[in-house]
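Quick check, what structure comes out for this input:
(2 chains)
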Amino acid sequence: MDKIKVGLIGLGYIGKVHLRNCLNLKSAKLVAASDTSKKALNLAKKMGVKKTYDDYQQLLNDDTIDAVIIALPTHLHACCAKEAAEAGKHIFLEKPLARNVAEGKDIISAIRRNRIKLMVGYPFRFSSCFQALKEKMESGELGEVQIVYATNIASGPFLYRAESDIPRPVPDWWFKKELTGGGALMDVGSHMINLVRWYLGEISNVKSHLGYRFNLDLEDHAICILNFQSGQIAIINVGWFSQQTEIKVELLGTVAHASATIRPPNKVKTALQLMTRRTPTFYIPYLRELSHFIQCLKQDLPPSPSAEDALKDLEAIALTYQNCQQPQYSP
Amino acid sequence: MERATRRITSNAPILNCSEGIIVSLVSFVQIETSSMKKGIENSLNLIDYRFQKSIKKVVIKPNMCYYWDYSTGQTTDPKFVATIIDILREKISPDVNISIVESDASAMKCKYSFKMLSYEEMAKHQNVMLVNLSEDKGKRAKISAGGQRFRLTIPKTIQNADLLINVPKIKYLAETKISCALKNIFGCNPYPNKFKYHQKLTEAIVALNKVMKFDLCILDGIIVSGSQPRKLCLVMASRDPVALDAAAAKLAGVNPKSVQHIMLASKEGLGNISFIPKGIDPSFFEKRYPRKGSKDKIMSCAYKILTRAGLLNAEMM
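The predicted model follows:
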């Protein structure tokens, strides 16, 4: 099979990560990109993308495109994914699958009806340190893992630009719960819930505490205790409140313990890697997940994490909000 | 200017010392967080500052930086501002009209920062107004600084105030070396896309300080931002923003004469680089200030070189 022809929908922060990565893939060709921002489209052109559209519908109408990467704000996931499925495009969809379980189920119906493949972007599953933890757990060297601690504390959408100390503008949709579906739990919690489910299987019950340091109606931190059907427990600790990034998983087994940490990117190293058009170290898992998606399309294999898998994350998150032990913030 | 006629000028801001050099007073006070009021009052007493009873409208300009709260050392603590409000109500009148001002910036919107940094809650509790200067009416003014001409808008809230209080933080900033009182007034420019002024930042800072002359600076140094945040429990006060900036720069280990906007502000008559410290010896705080290490300096330098050489494509980050 020739190179998979890819269209990229959305050139925001994560869209630009996919733009760079897709251009570095040998088995795929990024042929088109769409965004409402002219500036972003000009950048894509400069990077070598031939066709650019200010309306993603035009990109979906392009018959030469086999698959799309959807990197849009969460509230647009369901609509865009369903339209892409109807257009017969395979889909790589940024996490979370959708704002809620109902939208997630709609997406799944659309992809089944149109017999297309959909993979959800959960890059931590492609991070070598977290993969090594899974191997350790499965090899038996930790004994039986009883407790997993998963931490993802960082600044969330409130980022500094990588190239300087100047903060990055935060798009308005990030501040609106009806558009995001949730705060830190939905944003970074979905990553960690997906990861611990990969380690421990299916969740049976959830308890949670949500925090509102920033006085928004979105939680900026959350602590969840997940009980698994296997009897194991995971404690998820996520937040948007810190300038320092801490992404860490600890497995506590009956014989031994193991942990893995993803280090925050070094600014100078990141800048140099970007200058030489290489994938910055921090974004290598993003490159690997995209590569996995393309290989699945080429070999006609089901990609993982699938839409069904990501729906289980949404169900766990819904349960977490429902079982929250204190009333939610009301401004 | 309309505002000049409304302003109630306070007691003399500068001293003539024995050598005939004009210098300004800058106070240095260490406070207990439990007695913030006492500390702020002490810092004002040390510079012989007295509030005029005839003042009707006060504007307070804290430093809000993005969505980072006071604990990072980058943003004025709303509790510090609340304490200033208590003092104003006590010294001027319980009915004095007080507005806290900030404006939208390239990466920050007041509607979110007021809420996230707890100013909304504080304003409600203290019964003061929060004004987004980007939504305020204003008057256009032509002004030049350092040979650069600017057309700037002076927001109505600032024009109509009888007393303007600048409540800055001390911070390192790659573009200007140091950010303090003078740079804080950059946030009074109602134009949201402030990034466009970064090409002539020195001149823009001075021009804004020329059209919006603040009467009093009270620095919130309870947590300072250096190589990392540190609780310094410091309050500094001065009528002279140039003197305060010079003192703050020295504290942070930066030679004030190497800071372009301090030098230009002094040249343009906004204040004096020379100052007389009052209160605690500044060396007490200098020793405790979390200064940048050589690694930080090398990293900043590497960035500057890459950026100036145009090797970094900002859009790709």
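
and A:T64, what element?
With elements taken from DSSP states H and E, nothing contains A:T64; it lies in neither a helix nor a strand.

Could you pull up the contacting residues of the closest residue to it other than its chain neighbours?
Leaving aside its chain neighbours, A:T64 sits nearest to A:K5 (5.6 Å; criterion: CB to CB, 6 or more residues apart in numbering or on different chains). Glycine gets a C-beta too; all of them are placed from N, C-alpha and C. A:K5 makes contact with A:28-29, A:31, A:64-67 under the criterion CB atoms under 8 Å, 6 or more residues apart in numbering or on different chains.

who does A:K5 bridge with?
When bridges are assigned using DSSP bridges, the partners listed for A:K5 are A:K29.

Touching, A:L133 and A:V249? I think so.
Yes - with contact defined as CB atoms under 8 Å, A:L133 reaches A:V249; the gap is 6.0 Å.

out of those two, which sits in the busier spot?
Each of A:L133 and A:V249 had its neighbours counted (other CB atoms under 10 Å in any protein chain shown), and the higher figure belongs to A:V249 (25 against 22).

for the stretch 51-200 of chain B, what spans make up the strands?
B:57-62, B:97-102, B:129-132, B:138-145, B:148-155, B:163-167, B:171-173, B:177-179 (DSSP state E, counting those that start in this stretch).

Go through the ones you listed and name the closest to chain A.
Nearest to chain A, of all the strands of the stretch 51-200 of chain B, is strand B:171-173, at 7.4 Å by CB to the nearest CB.

Which residues does that closest one contact?
Outside strand B:171-173, the residues that reach it (CB under 8 Å, 6+ apart) are A:165, B:65, B:73-74, B:178-180, B:183, B:225-227, B:252, B:254, B:292.

Try it again at 10 Å.
By CB atoms under 10 Å, 6 or more residues apart in numbering or on different chains, the list of residues contacting strand B:171-173 from outside reads A:165-166, B:63, B:65, B:72-75, B:178-180, B:183-184, B:201, B:224-227, B:248, B:252-254, B:259, B:290-292, B:296-297, B:300.

what distance separates the one helix or strand A:I236 maps to from the middle of the whole chain?
In the assignment (DSSP H and E), A:I236 maps to strand A:233-239. Centre-to-centre, strand A:233-239 and its host chain are 17 Å apart (CA atoms, centre = their mean, to the nearest Å).

Please tell me how far A:C79 sits from A:T254.
Distance check for A:C79 against A:T254: by CB to CB, to the nearest Å, it reads 47 Å.

Just the contacts of strand B:171-173: which are in helices?
When DSSP state H defines the helices, the subset of the contacts of strand B:171-173 inside them is B:183-184, B:201, B:248, B:296-297, B:300.

nearest to A:E94, of the residues you listed?
Within the ones in helices among the contacts of strand B:171-173, distances to A:E94 taken as CB to CB reach their minimum at B:S300, with 33.3 Å.

Write down the beta-bridge partners of B:N97, one by one.
B:K57.

That one contacts B:V58, correct?
Yes - with contacts defined as CB atoms under 10 Å, B:N97 counts as touching B:V58 at a distance of 7.0 Å.

anything in contact with each of these two?
Counting by CB under 10 Å, 6+ apart, the residues touching both B:N97 and B:V58 are B:128, B:161-162.

Going by distance to chain A, which of those residues wins?
In terms of CB to the nearest CB, no member of the shared contacts of B:N97 and B:V58 lies closer to chain A than B:V128, at 17.2 Å.

how much space between that closest one and B:K57?
Plainly put, B:V128 is 11 Å away from B:K57 if you go by CB to CB.

more neighbours, those two?
When B:V128 and B:K57 are compared on other CB under 10 Å, the one with more neighbours turns out to be B:V128, at 22 against 15.

show me the contacts for the more buried one.
B:V128 is in contact with B:58, B:60, B:81-82, B:85, B:88-89, B:96-100, B:119, B:122, counting by CB under 10 Å, 6+ apart.

Kindly recompute the last result at 7 Å.
With contacts taken as CB atoms under 7 Å, 6 or more residues apart in numbering or on different chains, B:V128 has the following neighbours: B:85, B:98-100.

pLDDT on stretch A:51-66, on average?
Averaged across stretch A:51-66, pLDDT comes to 97.

Tell me the buried residues in it?
By neighbour count, with 16 or more other CB atoms under 10 Å in any protein chain shown as the criterion, the buried positions of stretch A:51-66 are A:51-53, A:56, A:59-60, A:62, A:65-66.

So which of these would count as near chain B as well?
Among the buried residues of stretch A:51-66, no residue sits close to chain B (CB under 7 Å from any CB of the partner chain).

Present those as JSON lines; the columns should include secondary structure.
Formatted as JSON lines, the entries for the buried residues of stretch A:51-66 read as follows, by DSSP: H, G, I helix; E, B strand; the rest coil:
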{"residue": "A:K51", "secondary structure": "strand"}
{"residue": "A:T52", "secondary structure": "strand"}
{"residue": "A:Y53", "secondary structure": "strand"}
{"residue": "A:Y56", "secondary structure": "helix"}
{"residue": "A:L59", "secondary structure": "helix"}
{"residue": "A:L60", "secondary structure": "helix"}
{"residue": "A:D62", "secondary structure": "coil"}
{"residue": "A:I65", "secondary structure": "coil"}
{"residue": "A:D66", "secondary structure": "coil"}
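
Max pairwise distance over those residues: which two?
Looking at the buried residues of stretch A:51-66 by CB to CB, the two members farthest from one another are A:T52 and A:D66, with 18.2 Å of separation.

who in the stretch 51-200 of chain B is up against chain A?
For the stretch 51-200 of chain B, the residues found near chain A under the criterion CB under 7 Å from any CB are B:66-68, B:72, B:106-107, B:112, B:115-116, B:118, B:120-121, B:174.

Can you tell me which of the residues you listed has the largest number of neighbours?
By neighbour count, taken as other CB under 10 Å, the most surrounded of those turns out to be B:Y67 (26 neighbours).

Do I have it right that that one meets A:G156?
No - with contact taken as CB atoms under 7 Å, B:Y67 and A:G156 are classed as non-touching, separated by 9.7 Å.

list residues touching both of the two?
Common neighbours of B:Y67 and A:G156, using CB under 7 Å, 6+ apart, do not exist here.

Return the residue of chain A that is most distant from the centre.
No residue in chain A sits farther from the centre than A:V255, which is 32.4 Å out by CA atoms, centre = their mean.

Just to be sure, that one is in a strand?
No - the assignment for A:V255 by three-state DSSP gives coil, which leaves it out of any strand.

Find the residue closest to it in space, skipping its chain neighbours.
On the basis of CB to CB, 6+ apart, the spatially nearest residue to A:V255 that is not a chain neighbour turns out to be A:G143, at 3.1 Å.
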